[in-house]
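In: Fold the following.
(2 chains)
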Amino acid sequence: MTSGVFNLVLKRLAIAVVTLLIVLFAVFFATSMLPGDTASILLGQAATPEAVAGLREAMHLNDPAILRFLRWLLGLLHGDLGTSYANEMPVAALIGGRFINTMELAGITTLLSVPLALTLGITSAMLRGSLYDRTVTVLSIGVISVPEFMVATLAVLLFAVYLKWLPALSSVNEAHSLTDLARIYAMPVITLTFVISAQMIRMTRAAVLETLSTPYVEMALLKGASRSRMVLKHALPNALGPIVNAVALSLSYLVGGVIIVETIFNYPGIAKLMVDAVATRDLPLIQSCATIFCLGYLLLITVADIIAIMSNPRLR
Amino acid sequence: MARAAASRRSFLGHSYNLVGVVASLVIVAWTLIAIFAPSITPHSIGDIVEDDYFGPMRQGLWLGSDYLGRDMLSRVLMGARYTVGISLAAVVIACFSGVVLGMIAAVTGGWFDSCLSRFLDAMNSIPSKLFGLVVVAAVGSSIPALIMTLAVIYIPGAYRFARALAVNINTMDFMTVARVRGESTFYLIGSEILPNIIRPVLADFGLRFVFIVLLLSGLSFLGLGLQPPLADWGALVRENIGGLPFAAPAVIVPSLAIASLTISVNLLIDNLPQKIRDRDA
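Out: Reported below is the predicted structural model:
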């Protein structure tokens, strides 16, 4: 690897850090705009003004916003996520187990959707204009154009109501055997896979089609290479950067999908925790969950960009 | 797409195909319903007209009844008003601000451009649904707050799109000539750049409208969008989700309404004449 690539990667990482800081500030700023005084909300209506003032002092609420932001940031670096307002438990303890649940859901979905989407995307680009290609395209446009909860309700209608294969709601605690576990994960994973794959198929197909229209692929065709050789040996290696990029970008849609899917299937993950926290206006919890999601999202986007940089033969 | 099979017809100098025409008819129909909803609903949206909840479709109650026995058809028609109205207001604000800022950034350049681009790119890297949750937690979910939230979330995207287009126009000779004439920034963006990018910007407007409808429905579905007694399509799905095990029309119809609107807009944009859709038209 030459120093040019190294510098580009370094620059990309620096941009990621700056972006993260801006995003964290935006999250902090938005949540501290909440109408109403946190101290008086915590103490309830019967609190004396002295008690409210005392609590404000103790919680450093009188400090300027930028100072509170820096203190919060420092806490994050030490792994101190603060205390939940709603039930006075440390946020880290509330998030812990649920974080693993969400990662499991995301992990299984990724394992399923990436091979599925790549196969469908690449083959439909190879068979451009055929009935197969048109079916895949129409279906993926359809899934992209409807809200995630509609995909979820249709999946419930199909698999739980008409076919009666799967339970409609999941509860990880009730799992006793492997088949139980599979049945619980099935509905959320199916829904998420649909949502994520549709994006990925569209982007993969576009990336392969773009490479297929380049002069060197036409050259390969003219010198007599077979269709599959032309795609697999000539086009695919060059489309790898854009494809990996498409995969990472589509996986970042997991963040939005997971919020809906966890709510509709009552899945005990962090997205459900965050939606509940927004309903009860539990600031430290919202801030921490939002931070985790943004971190994951930025990580995926940055990895995608770095892979794109490294896989570009002109930079190697 | 099915473009090859669709018949083409000519209208106003452009040729449209069948898919595009059907899609625009659906959009026009929903718009008319959104405008005239109060005078065409067969029942009042709050009236309980049937003893049976999640009732089936029957004569006089064309789309069945909801979880309280209210007329579903009336509620879906009124829901169109909120979904289309709020989304349209939000997308107008988002695209207007984004496009104006993008053109100014492209024309001025320098530190103004760099700072704004960096900041809005950072905003763009917050997932929209997450952004929505955080802002709704902060400012609540009244109709004006929702419109502003949705608009703010989609300004960075509109900005990025318009700036990319405007930067290309900015390098043209007629821009240099206009600059040498000593025209003001507002003349430059209004009379030189905007007419050259307006068509792709309008296509982008449609796409962004779809994103906003989906986000608004998603938020309402989570119970963080429009609050009862008002109900848009997402909220209608949420309040009737209990009917899902019985496959009640009350759950399915609002979802279909959202899908018909968003798919139509997407298809319309896909089937616009190449001349309008392309960036370098």
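In: any low-confidence regions in chain B?
Out: Scanning chain B for pLDDT under 70 picks out B:1-16, B:60, B:273-281.
In: ok, how many other residues are close to the closest residue to residue B:247 other than its chain neighbours?
Out: Computed as Cβ to Cβ, 6 or more residues apart in numbering or on different chains, the closest residue to residue B:247 that is not its neighbour in sequence is residue A:161, at 5.3 Å. All C-beta spots, glycine's among them, are computed from the backbone N, C-alpha and C. Using other Cβ atoms under 10 Å in any protein chain shown, residue A:161 is surrounded by 14 other residues.
In: got a pLDDT number for residue A:161?
Out: pLDDT recorded at residue A:161 is 76.
In: swap in the one 5 residues further on?
Out: Predicted confidence (pLDDT) at residue A:166: the value is 69.
In: With residue A:36 instead?
Out: 54.
In: re earlier: list the contacts for the residue nearest to residue B:247?
Out: A:168, B:244, B:245, B:246, B:247 (Cβ atoms under 8 Å, 6 or more residues apart in numbering or on different chains).
In: Wait, the last one touches residue A:157, no?
Out: Yes. In this structure, residue B:247 sits in contact with residue A:157. The criterion is Cβ atoms under 8 Å, and the distance is 5.7 Å.
In: correct me, but residue A:298 touches residue A:18?
Out: No. Between residue A:298 and residue A:18 there is no contact, the gap being 10.7 Å when judged by Cβ under 8 Å.
In: More neighbours: those two, which one.
Out: residue A:298 (19 against 13).
In: secondary structure class for the more buried one?
Out: Put simply, residue A:298 is helix when judged by DSSP: H, G, I helix; E, B strand; the rest coil.
In: what residues are up against it?
Out: If a contact means Cβ under 8 Å, 6+ apart, then residue A:298 has A:16, A:19, A:20, A:23, B:125 as its contacts.
In: and these as TSV, adding secondary structure, distance to residue A:113 and neighbour count?
Out: As requested, the contacts of residue A:298 are arranged in TSV below (DSSP: H, G, I helix; E, B strand; the rest coil; distance: Cβ to Cβ, whole Å; neighbours: other Cβ atoms under 10 Å in any protein chain shown):
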residue	secondary structure	distance to residue A:113	neighbour count
A:16	helix	25	18
A:19	helix	26	22
A:20	helix	26	18
A:23	helix	26	22
B:125	coil	22	19
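In: Which two of those have the greatest separation?
Out: A:16 and A:23 (10.3 Å; Cβ to Cβ).
In: can you give me the helices in chain A?
Out: A:3-31, A:38-43, A:49-58, A:65-77, A:91-126, A:131-145, A:148-155, A:178-212, A:215-222, A:227-229, A:236-251, A:253-264, A:270-280, A:283-310 (DSSP state H).
In: Now the weakest link among those helices, please, by mean pLDDT.
Out: Among the helices of chain A, helix A:38-43 carries the lowest mean pLDDT (a mean of 62).
In: From chain A, how far off is residue B:140?
Out: Per Cβ to the nearest Cβ, to the nearest Å, residue B:140 is found 7 Å from chain A.
In: Next one: that residue from residue B:214, what distance?
Out: The gap separating residue B:140 from residue B:214 is 21 Å, by Cβ to Cβ, to the nearest Å.
In: more neighbours, the two?
Out: residue B:214 (24 against 16).
In: how about the residues of the stretch 201-316 of chain A that lie near chain B?
Out: Proximity of the stretch 201-316 of chain A to chain B (Cβ under 8 Å from any Cβ of the partner chain) is limited to residues A:252, A:255-256, A:259-260, A:263-264, A:274-275, A:277-279, A:281, A:286, A:290, A:293-294, A:297-298, A:301.
In: which of the residues you listed are buried?
Out: Neighbour-count burial (16 or more other Cβ atoms under 10 Å in any protein chain shown) applied to these gives A:252, A:255-256, A:259-260, A:263-264, A:274-275, A:277-278, A:281, A:286, A:290, A:293-294, A:297-298, A:301.
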